[in-house]
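J.: Sharing a model prediction with you, sequence too.
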Amino acid sequence: MIGDIKTYNREAIVHKPAGQFEETRFEKIHNIIFNNSLQASKIVAHEIADLIKQKAKENKKCVLGLATGSSPIKVYEELVRLHKEEGLSFNNVVTFNLDEYLPMKPNDVQSYYYFMHEHLFNHVDILSENIHVPNGTLSSEEIYQYCIDYELKIKEAGGLDFQLLGIGRTGHIGFNEPGSHYNSSTRSITLDHVTRQDAASSFLGIDNVSKKAITMGISTIKKAKRIVLLAWGVNKAKVIQHTIEGKISPQIPATYLQDHKNTTFILDVESASELTRIKTPWLVMSCFWNKELKKKAVFWLSEKVKKPILKLTDKDYNENGMSGLLAEEGSAYSLNIKIFNALQRTITGWPGGKPNADDTNRPERETPHKKRIIIFSPHPDDDVISMGGTFDRLIEQGHEVHVAYQTSGSIAVTDEDALKFAEVAKVLTTDKNHLDKVISKINENNKRAVASKEVQLLKGTIRKAESYAATRYLGLPDEFVHFLNLPFYETGKVKKNNLSDVDVKIMCDLIEEVKPHQIYAAGDLADPHGTHKVCLDALFEVLKQLKPKKMMEDCWVWLYRGAWFEWEPFEIEMAVPLSPDQVVKKRHAIFYHQSQKDKVMFRGDDIREFWVRAEDRNRLTAEKYHDLGMANYAAIEAFKRHYF
């Protein structure tokens, strides 16, 4: 089921007994899928608020187990809003946090103590003595007794009434890494490399991430009366599928929650995308076969039986749970032709539209022949990484192309690179005192502090110069390059501010100035620090505000995906093939972003450099098209149209 905050009341997430909630026989944990994480977070926050108020009426403490990371942030924001605007009191609340890094000082910006105070505790009326976050400053001799005492404190408080969880890509809950035993209690643990890799962005590099942590155990978590686990984004989809549908295994500790009697997983559409009822619904239920689902099913069948579309037979459909689709279409032959033609029509070498050509079955309009185009790039390299070949093609075909870098990308420049540029600049300038100050600021930075304004400016200038080098290489005049420096990003640290009206106005002003016929934007929500999502949210708000204006009637929006994931073939509405020479040209454009080439701080879970990822992804898309029966291209860049 998919939740919608307008129609989905809070009672809907109350757990039902096993066998009464599953959409399919595959699922072993109650779960609800929401359209987006903001809606879902508000629902969860209201469940917590209702519990707090109910306990207060009974004159009892409300004992909450709390999580950190990006998943619960919007839950905490809504709880703060409920406190400030609707009078929700936390006077009766006692909290126990799941975990903390070792070693870690409470005032370090990466500490979970700092996180909880910044996002929740500093903004509500909770009593300080009721806050419990594991101590990250303990010596090895102190840890064992401390963990025993932490367990006793939870027990003395009456046990956890509600436990909020996230989930790591290893399947860890808290810091219970693969191999954790079901009866484990609070303890110190060595962190999995994948877990440290996922945290690297917050620490400005994996080398700075702690190797150990204190965590509540599986047994501790499972004793909670109510458990809600949050998971957002496509990068969590596989582990969610394994957790909900797989066998209980210590290799995926979250599967232990299958045994808990009152657990709900709260998911967004992307994190739920690998569940059987979402990915292949025809295997578990009767389907309403709309156009997109037909494409999805045929592409899936083609991949499963390893045949191109036009070679699929009635037998292939019947033996793989798709007899209903076949009955609706009449025969495999007619269905195959229909889907083959739809796929073929997504391919174009003219992303801006082909002049003087019939555009009936082309992804883009023929007119106007010379379009005004804005490419929105969240960071100063996403444009060439994600659509460098299409970017080049649009310029070559004579369109007026503008690129707008939404953020400075300053935090992704290492201190070592900044120091190198500062020392070069010092040789060339007469104002050596200023450069000495900047160099001193860089050297003083312990890689956990907030960067000074001077250092932020230097790092942003490095990214700006690299962007000009890349766009000039592609032949774009400097006057068509825009550095928006949206304020939400400019905090000097990984955590950003919320999107503001100022951010939206900056983008609105540019669109009203250019009056584009095409907008390209990043539709990839999987980047490790969330900037892509904020930038996309900003664009959606801009489109909402500008939609009534006449100029937007002729504006089409195309979404590309970034360096982490690609659109699946059934989602692709425009596929731009690249020749081998264009692949090389795209690579060279990426190379101009030298500060991001060798020391990538925000690579996420992929150790490859961005140019390698881009080439591998574009080649894989071309291979998928070839396997489905299309021509054998060297590479393909893919886009999905956004209708507003």
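T.: Yep, it's here.
J.: For the stretch 351-500 of the chain, which segments count as strands?
T.: 372-377, 400-405, 481-483 (DSSP state E, counting those that start in this stretch).
J.: how far is the second one from where the chain is centred?
T.: In terms of C-alpha atoms, centre = their mean, to the nearest Å, the gap separating the centre of strand 400-405 from the centre of its chain is 24 Å.
J.: now the first one
T.: Computed by C-alpha atoms, centre = their mean, the chain-centroid distance of strand 372-377 equals 22 Å.
J.: before we move on, back to that, can you redo the strands of the stretch 351-500 of the chain as CSV with mean neighbour count, distance to residue 242 and mean pLDDT?
T.: Using the backbone N, CA and C atoms, a C-beta is placed for each residue, glycine as well. Converted to CSV, these look like this (neighbours: other C-beta atoms under 10 Å; distance: least, C-beta to C-beta, whole Å; pLDDT from 0 to 100):
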stretch, mean neighbour count, distance to residue 242, mean pLDDT
strand 372-377, 26, 34, 98
strand 400-405, 23, 38, 98
strand 481-483, 19, 42, 98
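J.: TSV please, covering the ones you listed and showing distance to residue 577.
T.: Converted to TSV, the strands of the stretch 351-500 of the chain look like this (distance: least, C-beta to C-beta, whole Å):
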stretch	distance to residue 577
strand 372-377	19
strand 400-405	19
strand 481-483	26
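J.: closest to residue 59 out of the ones you listed?
T.: strand 372-377 (53.8 Å; C-beta to C-beta).
J.: Report the angle between the closest one and strand 400-405.
T.: Strand 372-377 and strand 400-405 are oriented at 20 degrees to each other (axes from the mean of the first three to the mean of the last three C-alpha atoms, to 10 degrees).
J.: So which elements touch strand 372-377?
T.: If contacts are counted by 3 or more C-beta pairs under 8 Å, 6 or more residues apart in numbering; DSSP states H and E, strand 372-377 sits against helix 382-396, strand 400-405, helix 501-514, strand 518-522.
J.: Distance from the chain centre to the first one, please.
T.: Pointing back at helix 382-396 there. The chain centroid and the centroid of helix 382-396 are separated by 23 Å under C-alpha atoms, centre = their mean.
J.: got it, and stretch 223-240?
T.: 15 Å.
J.: Any buried residues in it, and which?
T.: Buried residues in stretch 223-240, defined by neighbour count with 16 or more other C-beta atoms under 10 Å: 223-224, 226-237, 239-240.
J.: One more: stretch 132-152?
T.: Going by neighbour count (16+ other C-beta under 10 Å), the buried part of stretch 132-152 is 132-136, 138, 143, 146-147, 150-151.
J.: Report the two of the residues you listed separated the most.
T.: Maximum pairwise distance in the buried residues of stretch 132-152, criterion C-beta to C-beta, is 17.5 Å, between 136 and 151.
J.: Low-confidence ranges, the protein, go.
T.: Applying pLDDT under 70 to the chain flags the ranges 1-24, 201, 204, 445-450, 492-495, 525-529, 563, 598-607.
J.: run the last query once more with 50
T.: Applying pLDDT under 50 to the chain flags residues 1-20, 528.
J.: how far away is the residue at the greatest distance from the centre of it from residue 418?
T.: Farthest-out residue of the chain from its mean C-alpha position, per C-alpha atoms, centre = their mean: residue 430, at 44.6 Å. Counting by C-beta to C-beta, to the nearest Å, the gap from residue 430 to residue 418 is 21 Å.
J.: those helices in the stretch 51-200 of the chain, which residues are they?
T.: Counting by DSSP state H, counting those that start in this stretch, the stretch 51-200 of the chain has helices at residues 73-86, 112-119, 140-156, 193-199.
J.: try the stretch 251-400 of the chain
T.: 276-279, 291-305, 314-319, 323-329, 332-344, 382-396.
J.: Find the residue closest to residue 273 in space, skipping its chain neighbours.
T.: Distance criterion C-beta to C-beta, 6 or more residues apart in numbering; nearest residue to residue 273, sequence neighbours excluded, is residue 237 at 4.8 Å.
J.: Wasn't the one you found part of a helix?
T.: Yes: assessed by DSSP: H, G, I helix; E, B strand; the rest coil, residue 237 belongs to a helix.
J.: ok, it touching residue 269?
T.: No: when contacts are counted by C-beta atoms under 8 Å, residue 237 is not listed as touching residue 269 (9.9 Å).
J.: ok, residue 530 - contacts?
T.: 70, 496 (C-beta atoms under 8 Å, 6 or more residues apart in numbering).
J.: swap that for residue 289, please
T.: Applying C-beta under 8 Å, 6+ apart to residue 289 gives the contacts 297, 324-325, 328.
J.: List just the nearest of those to residue 283.
T.: Closest approach to residue 283 among the contacts of residue 289 (C-beta to C-beta): residue 297, at 9.8 Å.
J.: For the closest one, which residues are in contact?
T.: Residue 297 touches 280, 282, 289, 322, 325, counting by C-beta under 8 Å, 6+ apart.
J.: repeat that for 7 Å
T.: 282, 322, 325 (C-beta atoms under 7 Å, 6 or more residues apart in numbering).
J.: now the residue nearest to residue 339 when sequence neighbours are not counted: how far from residue 460?
T.: Sequence neighbours aside, residue 298 is the residue nearest to residue 339 in space, at 4.5 Å (criterion: C-beta to C-beta, 6+ apart). Applying C-beta to C-beta, the value for residue 298 to residue 460 is 47 Å.
J.: between these two, which one's more packed in?
T.: Comparing residue 298 with residue 460 by other C-beta atoms under 10 Å, the one with more neighbours is residue 298, at 28 against 21.
J.: The residue nearest to residue 588 when sequence neighbours are not counted: neighbour count?
T.: Computed as C-beta to C-beta, 6+ apart, the closest residue to residue 588 that is not its neighbour in sequence is residue 473, at 6.7 Å. If you count neighbours by other C-beta under 10 Å, residue 473 ends up with 15.
J.: Please verify my assumption that residue 473 contacts residue 589.
T.: Yes: using C-beta atoms under 7 Å as the test, residue 473 is close enough to residue 589 to be in contact (5.6 Å).
J.: quick check, residue 28 in a strand?
T.: No: under three-state DSSP, residue 28 sits outside any strand and is assigned coil.
J.: circling back to that earlier point, just send the contacts of residue 297 back as a markdown table, with neighbour count and distance to residue 258 too.
T.: Shown next, in a markdown table, are these (neighbours: other C-beta atoms under 10 Å; distance: C-beta to C-beta, whole Å):
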| residue | neighbour count | distance to residue 258 |
| --- | --- | --- |
| 282 | 21 | 26 |
| 322 | 25 | 30 |
| 325 | 19 | 32 |
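J.: Quickly name whichever of the contacts of residue 289 is closest to residue 383.
T.: When these are compared for distance to residue 383 (C-beta to C-beta), residue 297 comes out closest, at 34.1 Å.
J.: what's the spacing between that closest one and residue 237?
T.: In this view, residue 297 and residue 237 are 19 Å apart by C-beta to C-beta.
J.: likewise residue 54?
T.: Residue 54 sits 34 Å away from residue 237, going by C-beta to C-beta.
J.: List the contacts of stretch 235-249.
T.: 26-29, 31, 167, 169, 171, 231, 252, 254-256, 258-259, 265, 267, 270-276, 526, 564, 605.
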